[in-house]
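[1] Got a predicted structure plus its sequence, pasted below:
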Amino acid sequence: MKKIPFIALAFLGSITFATAQTAPEKPIEKTTELNEVAIIKTKKAIEQKADRTIFNFADQPSLNTGSVLEGIKKLPGLIASDIAGMMYQGKQLDVFMDGRPLNISSNELNSFLEGMPANAIEKIEIITQPGAEFPATSGGAILNIITNRNAKNYLSATYTNSSSFTDYDGLRWKLSNSVLLNAKNKYFGWQLNLGQNYRESAIWNTLEKQLNDGNTVLSQTNADRVGRNNYIKSALTFDIGKDRLLLNYDITQNNNDSYTTGTGLGFTTNDASVNTGLRQDAVVTYQKKFENPAQKLEFKFNYNNNTNDFELTGKGNAAATLENSSDQNLYNVKADYSQPLKFSDEGKLSFGVLYEELLFEAASKGVTNLDYKRRTAASYIELQSKFDKINFILGGRAEDYNITGNSDVAELTAFKQFRFFPNASAQYNFNRMINFNVNYNKKITLPSTSALNPNNTNYQNPNIDYSGNPNLQPTIYNNYEAKISAFDYAFISYNISSAKNQVINRVSLQDDLVINTNENLPEIKIHNFSAGLPIPYMLFTKGLAETMKMNVNPDTMNFLYVYAGYQYHDIPNVDTKGFWMFNFMSQLVLPKKIKFVANYNYIIPKGNYFYFIAVKPFRNSLDFSFSKKFLKDQLTLSIYADDILNINENAFNSYQTPLLISNKTDTRKFGFSLNYKIPTKNKLAKETPSLLNNEKKEESGLVN
């Protein structure tokens, strides 16, 4: 085993690490003789690349024991809040799944991620510098959730379960199960992943009007919620000569109930709401292969349909107070081609085209009050090359937009523009393990349909109103970043995201009515500084010199990983303050190879998040997990406790509004999870080396 410098020995919320046997960008492979040749791949918990950070969820019990949303919230540098949105190291996130935009946001996105169990996720990529090949509409950064896994040349089956309960103001249960089956032969491969998620939860909200002579409670609610999600993800891949045809079909169904009692200034309510949704996604991909594996041509067609229905009824009412629905259809076709450059060993030229249409309708009590149409046509070209110790990327993307629509009272403000979006990146490699990177890109974000929807799809009472804004305009970003990385794990970075017409959530007060909506912020600059450093505990007992000499397997290391980030939202004519984010993750390997991971996240209050001022930390949680492998590593069992001190509670002031917004959810959770690789007939030992080599070259498997 190669000797690894101490700062490369750990990274954030992980409990399984890869041994450093290959270059940082490539997965590590170990060979074991089994009649012929078998390949076992050990995945890194974290991979730092020039344009993205990749988190391995599948093998990290500290991340995959709850919902996807709960796992995401544990990632250092990431902020996820119902009221403030989702941001990573100062950049607003556009959420993708398996390389395709979800096209949902705000509370609808959080609900979707909360309903998906984290043990259904293979990995998460946070692409902080999207190049020209990505849609310019990706905005500041992309969070790409990868669910598909590689199919093997034999049947493999995995069962996962997570069961937990919360004990705040009564017991509430959460349960998820999933089964993953996949296999392939020389003609085709297939994959089937199906599962369910059931969760009981509660949230307590208070809205107070702060006056000089005291506070007035406008609304105080207590909501018990029950969420049910079922999903099926399927894939087929066919080898057509040297080419490949991939077919994917995913379906997700949710049925969420909420029972809310409320009191406040002049009212008492007892309400029930039902929110149902169905999301279908179909993809056809054709990959043309060439003699040179670096030369690629791909055609892809994607159809997505997303329907939602929301109904709110007061106790004893014959008719629904709210009865809102939406139907979204998206059509996307694109082609991508890449060609290696003869004058550069690692260089390539890529270009492609895209055409997309999105149709969205929203209705209230059967009456259509928003008809929204969006058409995008795009093309891009990007050059990647290397000279001596410098890697660089230079690209540009042209997009033409035609956005029109009508509300029930007027025609929407049309957006018909042609724009060009350049991007550039340069990386200086001091050696194989240390590099310095600078990036620039210009991007745009089109308002999501959930932000445009004029209908309320949330709880409301006489003092609370939620609504979208059909006249939101796109946001234009200029993103700059400088970053130095060492050994994939230690890093220091600074970035600025300058935006015009930033879409934000705004809470205002009219008389005693609290209005929640979305609006364009004319101008904002977000500054973000981040740093991370792993510290092996042996450093304190053996000293630096001895630590550097040791042959170390990071999977058996005791260490502390420290992350710190500072974020400042610079809004013209607004007196804003920055805030610090901290993450401390410690791994201890106990007797019997039991791994103990403690994860503490804390965000210092008093800082500004757009127009919100944090009165309390909007992340303050201590999480524990214990895990151990059994049955020759086929079974992984984890026991965990999240927010064990039960101190995670949010409170915000709204800028220029005498409002105090506070909420508490039952985040303290105790439970266990298991991952069982079901024994199946393993034909891998009978495979020829050529088949195994093909498997190595096609590591994307069924991933689109």
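    Right, received. Where do you want to start?

[2] How many neighbouring residues does the closest residue to Asp408 other than its chain neighbours have?
    Spatial nearest neighbour of Asp408, chain neighbours left out: Asn369 (3.8 Å); criterion: Cβ to Cβ, 6 or more residues apart in numbering. Glycine gets a C-beta too; all of them are placed from N, C-alpha and C. When neighbours are defined as other Cβ atoms under 10 Å, Asn369 has 18 of them.

[3] How confident was the prediction at Asn369?
    If you check Asn369, the pLDDT there is 91.

[4] What is whatever helix or strand it lives in packed up against?
    Using DSSP states H and E, Asn369 falls within strand 367-387. Contact here means 3 or more Cβ pairs under 8 Å, 6 or more residues apart in numbering; DSSP states H and E; on that basis strand 367-387 packs against strand 348-364, strand 390-407, helix 449-452.

[5] tell me the angle it makes with strand 348-364.
    Inter-element angle recorded for strand 367-387 and strand 348-364: 170 degrees (by axes from the mean of the first three to the mean of the last three Cα atoms, to 10 degrees).

[6] Format the CA atom coordinates belonging to strand 367-387 as PDB.
    Listed next in PDB are the C-alpha coordinates belonging to strand 367-387 (Å, rounded to 0.1, in the frame of the first residue of the first chain):
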ATOM      1  CA  VAL A 367     -60.400  27.000 -13.300                       C
ATOM      2  CA  THR A 368     -57.000  27.500 -15.200                       C
ATOM      3  CA  ASN A 369     -55.300  30.600 -13.900                       C
ATOM      4  CA  LEU A 370     -51.800  30.100 -15.400                       C
ATOM      5  CA  ASP A 371     -50.900  28.800 -18.900                       C
ATOM      6  CA  TYR A 372     -47.100  29.000 -19.200                       C
ATOM      7  CA  LYS A 373     -45.000  28.000 -22.200                       C
ATOM      8  CA  ARG A 374     -41.200  27.900 -22.500                       C
ATOM      9  CA  ARG A 375     -39.100  27.100 -25.500                       C
ATOM     10  CA  THR A 376     -35.300  26.800 -25.400                       C
ATOM     11  CA  ALA A 377     -32.900  26.200 -28.400                       C
ATOM     12  CA  ALA A 378     -29.200  25.900 -27.600                       C
ATOM     13  CA  SER A 379     -25.800  25.000 -29.000                       C
ATOM     14  CA  TYR A 380     -22.300  24.900 -27.400                       C
ATOM     15  CA  ILE A 381     -18.700  24.300 -28.100                       C
ATOM     16  CA  GLU A 382     -15.900  23.600 -25.600                       C
ATOM     17  CA  LEU A 383     -12.200  23.000 -25.800                       C
ATOM     18  CA  GLN A 384     -10.200  21.100 -23.200                       C
ATOM     19  CA  SER A 385      -6.400  20.800 -23.300                       C
ATOM     20  CA  LYS A 386      -3.200  20.600 -21.300                       C
ATOM     21  CA  PHE A 387       0.200  22.300 -21.700                       C
END
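
[7] partners of that strand in the sheet?
    Paired neighbours of strand 367-387 in the sheet (DSSP bridges): strand 348-364 (antiparallel), strand 390-407 (antiparallel).

[8] how about that strand: buried residues?
    For strand 367-387, a neighbour-count test (16 or more other Cβ atoms under 10 Å) marks 369-372, 374-376, 378-380, 382-385 as buried.

[9] got a list of what the residue nearest to Ser379 when sequence neighbours are not counted touches?
    Excluding the flanking residues, the one nearest Ser379 by Cβ to Cβ, 6+ apart is Val353, at 4.7 Å. Counting by Cβ atoms under 8 Å, 6 or more residues apart in numbering, Val353 makes contact with Lys334, Ala335, Ala378, Ser379.

[10] burial measure for the first one, as a count.
    Lys334 is flanked by 18 other residues according to other Cβ under 10 Å.

[11] Spit out the contact partners of the nearest residue to it once chain neighbours are set aside.
    Nearest residue to Lys334 in three dimensions, chain neighbours excluded: Leu354, at 4.0 Å (Cβ to Cβ, 6+ apart). Contact partners of Leu354, counting by Cβ under 8 Å, 6+ apart, are Pro135, Asn332, Val333, Lys334, Thr376, Ala377, Ala378, Ser379.

[12] picking that back up, looking at the buried residues of strand 367-387, which is nearest Phe582?
    When these are compared for distance to Phe582 (Cβ to Cβ), Gln384 wins out at 35.7 Å.

[13] Compile the contacts of Val353 into TSV and extend it with columns for pLDDT and distance to Leu192.
    Shown next, in TSV, are the contacts of Val353 (pLDDT from 0 to 100; distance: Cβ to Cβ, whole Å):
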residue	pLDDT	distance to Leu192
Lys334	95	26
Ala335	96	29
Ala378	96	33
Ser379	96	36
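
[14] which pair in the residues you listed spans the largest distance?
    Pairwise over those, using Cβ to Cβ, the maximum falls at Ala335 and Ala378, 11.3 Å.

[15] Who are the contact partners of Leu175?
    Going by Cβ under 8 Å, 6+ apart, the list of residues near Leu175 reads Asn161, Ser162, Ser163, Ser164, Asn197, Tyr198, Arg199.

[16] Report the buried members of the residues you listed.
    Buried members of the contacts of Leu175, counted by 16+ other Cβ under 10 Å: Asn161, Ser162, Ser163, Ser164, Asn197, Tyr198, Arg199.

[17] Please report how far the most centrally placed residue in the chain lies from Gln89.
    Nearest residue to the geometric centre of the chain (Cα atoms, centre = their mean): Leu143, 4.2 Å. As judged by Cβ to Cβ, to the nearest Å, Leu143 and Gln89 stand 12 Å apart.
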